[in-house]
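Asker: Turn this into a model:
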Amino acid sequence: MIGDTSSAKTAVSSYTPSKEIQDFTAYVQKDFTDGVDILNRPWVELNDLSVIDRMNRDQRTFNAFVDENIEDPAEAWKWRGTRSKARNKAIAMHAQITAGYIIPMFMAQNDNDEEDRWFSDAMRDITEWMVNNSNYKSSFLMASMGMLVNPVTYLGGEYAQVFQTIKEKTDKGFTSKEIIDEVLSGFQAPVYSADQILIKNAYEQNIQKQGNLIKRRFIDKNEAEAKYGEHENWEYVQAGTKSIYSADQGLFYDVKDDEHPFLVEEATYLNRRSDTEVCFIGGIYLGDNDVDNNPIRHRDNRNAPKYNVVPFGYQRVNEHFFYYKSLMNSQYWDNQLLDAQYEVGMNRAFLDTNMPLAVSGTDKVDSDIIFPNAVTAFADKDVKVTAMLPQADLSKMFGAMAVVEKSMDESSVSDVTGGNLPQANQKATGIAIAERNAKVLLQGVGKTLAESIVQYGGLMADIAITHLSIPQVEDIIGEQGKLKYRSFILKDKTVGGRNVSKILKFDKTLLGAEMTDKEKKSEGYKLLEQTGYPENDQEIYRINPELFARMKYLTTVEPERMFPKNEEFMQAMFSQLMTQMQNNPYVSLEALTRKTLYQFLRGEADEVMQKPQMTQPIDPNNPEVPNSKAGDKAVTKGLSGGLAGVGIA
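Answerer: Now for the predicted structure:
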């Protein structure tokens with residue numbers, strides 16, 4: 001959206017919007033310029049580097065960049081390389097923090113600030129469904145790696161409905177048809193680098209308090225057309241060109257973008273306070289004709305606007321600065337020193353192995369006669385061959401390298417935590433202390449990551465409420481559409497110690513309904529009948545969409561649970577629990593047995609469990625369904641939060 005309009009090659013654009021759009025574009029361009037200035041200004045918090053320079057330096061560190069340009073031929077023999085120690089630390093840390101895909105927990109509160117566990121579990125299950133049916137997992141891996149390498153990385157939460165044109169063969173040839181583009185539609189979790197998000201205030205850490213945000217990226221024109229092609233201004237969009245507005249002259253100029261000749265710049269301006277969201281493609285305004293009628297698309301359950309990106313970072317620099325100190329930043333100087341030491345040590349080892357010689361006399365001494373088992377007779381009796389350098393003691397050099405490597409362990413995970421065997425001279429006490437320190441460090445990183453995941457979980461809850469709990473158009477019939485609420489299926493869920501498929505259904509029949517406890521239990525029996533109780537492999541939950549959307553959801557992440565427990569430890573713990581709790585009247589022996597078997601057999605645990613016996617009394621109102629304490633318990637599990645909360649609405 002910004003560029004040089006003074007070039008002789010710059011042409012006046014045919015794009016001439018209204019005065020209101022021109023003024024709004026000039027306003028956005030100023031905020032765009034301020035955001036770019038924040039990215040390119042040196043900051044003392046980043047060692048007097050700009051965000052862009054810091055990002056480039058840290059990425060070179062992670063990529064183990066080595067400058068192989070050698071101008072002096074006399075220096076060509078020297079070893080130039082890197083031990084990639086910082087990169088290895090980042091990979092080890094990434095493996096630790098991504099041992100599992102982190103999905104936040106939720107606590108649902110009603111209008112009286114009372115917790116509702118049914119709706120809490122329902123929101124957790126629906127967000128898990130969103131994770132499994134989107135690009136969240138791959139985006140989470142990229143964002144968590146980005147936080148180790150860059151001063152900030154952003155994870156977005158978006159919901160889109162994009163159509164694509166396909167061709168279908170008919171008796172009369174091919175015809176075009178509009179269908180949902182499954183790749184670009186639904187819940188999306190895009191990853192933005194530090195230079196793709198422009199902020200207003202570098203000393204405000206809460207992203208929701210930023211005066212405005214601008215999301216920018218370069219995309220293929222066809223992708224942009226799929227999203228914005230219906231807009232009347234689309235005809236002015238050109239690949240490799242930006243339309244820059246000159247407020248002094250009141251004109252738009254077409255500026256060639258030589259760095260992206262086949263792409264278009266997508267810049268989305270968001271202002272939460274004024275509830276404004278407008279997209280510019282190549283500087284072309286693609287909002288509503290009324291510039292005041294561009295509300296932010298992402299809303300919470302109160303219909304309040306919210307920025308739908310969350311920053312991720314490794315360590316806070318101080319209590320105010322927005323950007324983070326990456327792991328590569330904290331490892332940079334130690335990594336540079338280690339590589340310099342390694343270069344000096346290796347080059348000296350090369351010299352010691354292939355020592356340069358000083359020759360006095362008339363005989364020629366070179367590589368022609370210097371090789372293993374060579375025997376040479378000199379004609380000159382006074383010839384002397386002596387080493388030009390004394391033999392070096394490299395033990396001190398490599399000892400110093402060990403000190404540097406230890407320093408790098410202190411700001412990251414130790415080699416043992418990263419999967420390497422301890423050295424033979426390391427004592428068990430030292431290894432235990434290093435492991436404990438690494439665990440403390442991981443928990444600290446986990447808390448920073450958890451803070452971002454909590455914010456992102458709020459975005460996911462907003463999308464679940466505003467897009468997934470509402471009816472969808474199933475079929476188009478004349479001028480009216482047939483509406484249908486969504487169902488969500490989660491495979492391989494453990495419910496009551498059983499490995500089942502969990503089905504959540506938003507049920508329109510529950511809207512405004514009031515049921516007595518007896519009616520709720522009767523509905524629960526029907527659900528059991530649908531699942532094929534007692535040998536059911538499904539759990540069905542009916543949810544009142546209206547009550548689900550009215551709840552206030554608080555997001556939580558426990559850092560201690562972000563890292564998976566040792567499998568052998570869990571097996572031993574459950575085996576011990578089985579022994580201790582066999583005669584405890586408050587413990588379900590069947591559920592505990594299932595959980596214990598699950599630790600050893602995973603999804604095959606149900607195969608070794610004894611099938612339930614149909615010896616219970618029969619419900620007089622429904623003879624096909626058992627009526628016992630076990631049956632009542634199953635009924636309780638079969639009732640969803642929406643069903644259980646119908647009488648409260």
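Asker: Need the nearest residue in space to the most centrally placed residue in the chain, chain neighbours excluded.
Answerer: Central residue of the chain (Cα atoms, centre = their mean): residue 140, 2.1 Å from the mean position. Spatially, and ignoring its direct neighbours in sequence, residue 140 is nearest to residue 101 (5.9 Å; Cβ to Cβ, 6 or more residues apart in numbering). (Each C-beta comes from the backbone N, C-alpha and C, glycine too.)
Asker: so that neighbour sits right up against residue 131, yeah?
Answerer: Yes: contact between residue 101 and residue 131 holds when scored by Cβ atoms under 8 Å: they sit 6.5 Å apart.
Asker: any residues in contact with both of the two?
Answerer: Taking Cβ atoms under 8 Å, 6 or more residues apart in numbering as the criterion, residue 101 and residue 131 both touch residue 137.
Asker: out of those two, which sits in the busier spot?
Answerer: When neighbours are counted by other Cβ atoms under 10 Å, residue 131 comes out ahead of the other of residue 101 and residue 131, with 18 against 13.
Asker: Specify the local secondary structure of that one.
Answerer: helix (DSSP: H, G, I helix; E, B strand; the rest coil).
Asker: Residue 442: how many residues sit nearby?
Answerer: That count, for residue 442 with other Cβ under 10 Å as the rule, works out to 20.
Asker: quick one: it from residue 313, how far?
Answerer: 16 Å (Cβ to Cβ, to the nearest Å).
Asker: ditto for residue 358
Answerer: Computed as Cβ to Cβ, the residue 358 to residue 313 distance reads 57 Å.
Asker: Settle it for me: which of the two has more neighbours?
Answerer: Just comparing residue 358 and residue 313: by other Cβ under 10 Å the higher neighbour count belongs to residue 313, 26 against 11.
Asker: helix/strand/coil for residue 462?
Answerer: Under three-state DSSP, residue 462 comes out as helix.
Asker: phi, psi of residue 163?
Answerer: Dihedral pair for residue 163: phi -100, psi 150, per degrees, to the nearest 10.
Asker: And it, how far from residue 188?
Answerer: 15 Å.
Asker: Also residue 3?
Answerer: In this view, residue 3 and residue 188 are 29 Å apart by Cβ to Cβ.
Asker: repeat for residue 289
Answerer: 27 Å.
Asker: Compare the two (neighbour count), which wins?
Answerer: Neighbours per residue (other Cβ under 10 Å) separate residue 289 from residue 188, with residue 188 holding more: 17 against 12.
Asker: and the residue of the chain most remote from its centre, what pLDDT?
Answerer: Most distant from the centre of the chain: residue 381, at 75.5 Å, with distances by Cα atoms, centre = their mean. On pLDDT, residue 381 comes in at 81.
Asker: Ramachandran angles for it?
Answerer: Main-chain torsions, residue 381, degrees, to the nearest 10: phi -70, psi -20.
Asker: sec struct for residue 71, please.
Answerer: coil.
Asker: For it, give me the pLDDT.
Answerer: At residue 71, the model reports a pLDDT of 75.
Asker: any idea of the mean pLDDT in stretch 533-553?
Answerer: The average pLDDT within stretch 533-553 is 85.
Asker: Next up, the contacts around residue 57.
Answerer: 49, 332.
Asker: check contacts around the residue nearest to residue 140.
Answerer: Here residue 101 is in contact with 131, 136, 137, 140 (criterion: Cβ under 8 Å, 6+ apart).
Asker: Assign residue 280 to helix, strand or coil.
Answerer: strand.
Asker: Could you count how many residues lie near it?
Answerer: By other Cβ under 10 Å, 25 other residues sit near residue 280.
Asker: if I look at it, how far off is residue 264?
Answerer: 10 Å.
Asker: if we can go back for a sec, and the two most separated of the contacts of residue 101?
Answerer: 131 and 140 (8.4 Å; Cβ to Cβ).
Asker: element containing residue 291?
Answerer: Assigned by DSSP states H and E, residue 291 falls within no helix or strand.
Asker: Quick check: pLDDT value at it.
Answerer: 96.
Asker: how about the nearest residue to it once chain neighbours are set aside, secondary structure?
Answerer: In this structure, residue 291 finds its nearest non-sequential neighbour in residue 24, 4.5 Å apart by Cβ to Cβ, 6+ apart. What three-state DSSP gives for residue 24 is helix.
Asker: Let me see the contact set for residue 24.
Answerer: For residue 24, the contacting residues are 278, 285, 291, by Cβ under 8 Å, 6+ apart.
Asker: And the residues you listed, which is closest to residue 579?
Answerer: residue 278 (64.9 Å).
Asker: Would you agree the closest one is in contact with residue 285?
Answerer: Yes: applying Cβ under 8 Å as the test, residue 278 and residue 285 come out as touching, 6.8 Å apart.
Asker: Comparing the two, which residue is more hemmed in?
Answerer: Using other Cβ under 10 Å as the criterion, residue 278 and residue 285 rank with residue 285 on top: 27 against 20.
Asker: which residues does the more buried one bridge with?
Answerer: Listed by DSSP bridges, the beta-bridge partners for residue 285 are residue 280.
Asker: so it sits right up against residue 18, yeah?
Answerer: No: the criterion here is Cβ under 8 Å, and residue 285 misses it with residue 18 at 9.4 Å.
Asker: so how far is residue 610 from residue 597?
Answerer: 11 Å.
Asker: ok, now which ones touch the closest residue to residue 556 other than its chain neighbours?
Answerer: Nearest residue to residue 556, sequence neighbours excluded (Cβ to Cβ, 6+ apart): residue 105, at 4.9 Å. Going by Cβ under 8 Å, 6+ apart, residue 105 touches 120, 124, 555, 556, 557, 558.
Asker: The same query, at a cut-off of 7 Å, please.
Answerer: 124, 556, 557 (Cβ atoms under 7 Å, 6 or more residues apart in numbering).
Asker: which residues of the stretch 51-200 of the chain score low on pLDDT?
Answerer: Within the stretch 51-200 of the chain, no range satisfies pLDDT under 70.
Asker: meant to ask about the stretch 501-649 of the chain, not that
Answerer: 534-535, 559-569, 602-607, 611-649.
Asker: what's the following helix or strand after whichever strand or helix holds residue 580?
Answerer: Under the criterion of DSSP H and E, residue 580 resides in helix 567-581. Downstream of helix 567-581, the next assigned helix or strand under DSSP H and E is helix 589-601.
Asker: Now do the strands for the stretch 401-550 of the chain: every range, in order, please.
Answerer: Taking DSSP state E, counting those that start in this stretch to define them, one finds strands in the stretch 401-550 of the chain at 472-477, 480-484, 487-495, 498-506, 538-543.
Asker: Note down every partner strand of the last one and its orientation.
Answerer: In the sheet, strand 538-543 lines up against strand 498-506 (parallel) (DSSP bridges).
Asker: residues contacting residue 244?
Answerer: Contacts of residue 244 by Cβ under 7 Å, 6+ apart are 2, 3, 5, 252, 253, 255, 283.
Asker: at 10 Å instead, please
Answerer: With Cβ atoms under 10 Å, 6 or more residues apart in numbering as the criterion, the residues that contact residue 244 are 1-5, 10, 13, 25, 29, 251-255, 282-283.
Asker: Name whatever forms a beta bridge with it.
Answerer: In beta-bridge terms (that is, DSSP bridges), residue 244 pairs with residue 253.
Asker: any idea of the pLDDT on it?
Answerer: At residue 244, pLDDT is 94.
Asker: any idea how far it lies from residue 65?
Answerer: Counting by Cβ to Cβ - residue 244 and residue 65 are separated by 34 Å.
Asker: Also residue 358?
Answerer: From residue 358 to residue 65 the distance is 38 Å (Cβ to Cβ).
Asker: And for residue 14, the neighbour number?
Answerer: Neighbour tally, residue 14, other Cβ under 10 Å: 10.
Asker: go on, residue 93?
Answerer: 25.
Asker: And what about residue 269, helix, strand or coil?
Answerer: With three-state DSSP as the basis, residue 269 sits in strand.
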